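**Student:** here is my input; please provide its structure:
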Amino acid sequence: MGGRVTPLVEARGLGKSYVDGPSVVRVLADLDLTVMPGERLAVVGASGVGKSTLLHLLGALDRPTAGQLLFDGVDLATRSENELAAFRNREVGFVFQFHHLLGDFTALENVMLPALIAREPLRAARARASELLERVGLGDRLDHRPGALSGGEQQRVAVARAIVHRPRLVLADEPTGNLDPATGASVQELLLDLNREHGAALIVATHNPGLAAALGRTLYLADGRLREAEPGASVAWRGTRSGGAL
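**Tutor:** Here you go, the predicted structure:
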């Protein structure tokens, strides 16, 4: 009989609040989440409900104001800022809605960057980045800068960059939100293929019902907490933070 598998990500009573003048704005409160290695899931909810904030916490781009966040059994609160920077570079890949590519760098250089920061040899980083850009259909765009690429091409560069260093966790924030349906579908399939082929856990914040359904497990974020979707349940994908649809 095999031993118990340690969750890759485990949030226990996670909370995040901001001070806004005399007020305290609570975004997340007493949130629990367990993600196993290689698992994929969608986080859905109204605009402004805190999906991006949650991804930032899970990827250690921000620190929670309450609760505990563990990665592979280790409490991230025990890590220094330098250790968290190294953690983000080694273990996490980020795909943002607005790409955040470096405009003066080529597609190849943008994808190489995380591997170079991780001190991989230049030749190995270049070969890996070239391979991934071929994989996402941009083998003929290696030397193009972001300004010469379409929105869909830029997003595919961003996906390649997110996995060039072989992270164990990929976080994607509305990765198809600014794309036409056909390009969005291709990015969706790319993310799913990469999850299957490389085994990284995949957490996607999305308003796209088709993408959420393809990921398999759907969690609804409302009132600062996550709840599991019931099989076959319908969901209102748009709304306001308070009193609106999820």
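**Student:** in the chain, which spans are strands?
**Tutor:** Taking DSSP state E to define them, one finds strands in the chain at 9-20, 23-35, 40-44, 66-71, 74-75, 92-95, 169-173, 201-205, 217-222, 225-228.
**Student:** for the ones you listed, give me CSV that also has distance to Ala60, mean pLDDT and mean neighbour count.
**Tutor:** C-beta: built from backbone N, CA, C; applies to glycine. Formatted as CSV, those follow (distance: least, Cβ to Cβ, whole Å; pLDDT from 0 to 100; neighbours: other Cβ atoms under 10 Å):
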stretch, distance to Ala60, mean pLDDT, mean neighbour count
strand 9-20, 11, 92, 16
strand 23-35, 14, 91, 16
strand 40-44, 17, 94, 23
strand 66-71, 8, 94, 18
strand 74-75, 11, 93, 12
strand 92-95, 7, 90, 24
strand 169-173, 10, 93, 24
strand 201-205, 13, 95, 25
strand 217-222, 19, 93, 19
strand 225-228, 19, 90, 15
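**Student:** ok, and the helix or strand in this structure with the lowest average confidence?
**Tutor:** Least confident helix or strand, the chain: helix 181-198 with a mean of 82, by mean pLDDT, DSSP states H and E.
**Student:** about what we covered before: pipe the strands of the chain into JSON lines and attach distance to Ala162 per row.
**Tutor:** Listed next are these as JSON lines, based on distance: least, Cβ to Cβ, whole Å:
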{"stretch": "strand 9-20", "distance to Ala162": "16"}
{"stretch": "strand 23-35", "distance to Ala162": "17"}
{"stretch": "strand 40-44", "distance to Ala162": "14"}
{"stretch": "strand 66-71", "distance to Ala162": "17"}
{"stretch": "strand 74-75", "distance to Ala162": "22"}
{"stretch": "strand 92-95", "distance to Ala162": "3"}
{"stretch": "strand 169-173", "distance to Ala162": "6"}
{"stretch": "strand 201-205", "distance to Ala162": "10"}
{"stretch": "strand 217-222", "distance to Ala162": "20"}
{"stretch": "strand 225-228", "distance to Ala162": "23"}
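**Student:** please tell me how far the closest residue to Pro167 other than its chain neighbours sits from Gly13.
**Tutor:** Distances taken as Cβ to Cβ, 6 or more residues apart in numbering put Gly93 closest to Pro167, at 4.0 Å, once the chain neighbours are dropped. For Gly93, the distance to Gly13 equals 26 Å [Cβ to Cβ, to the nearest Å].
**Student:** tell me the bridge partners for Val43.
**Tutor:** Ala205, Leu219 (DSSP bridges).
**Student:** in this structure it contacts Ala205, no?
**Tutor:** Yes: shown here, Val43 and Ala205 form a contact pair, counting by Cβ atoms under 8 Å, at 4.7 Å.
**Student:** report the central residue of this structure.
**Tutor:** Leu171 (1.1 Å; Cα atoms, centre = their mean).
**Student:** need the contact list for it.
**Tutor:** Counting by Cβ atoms under 8 Å, 6 or more residues apart in numbering, Leu171 touches Leu55, Leu58, Gly59, Val92, Gly93, Phe94, Val95, Ile203, Val204.
**Student:** relative to Val187, which of those is nearest.
**Tutor:** Closest approach between those and Val187, by Cβ to Cβ: Val95, at 8.7 Å.
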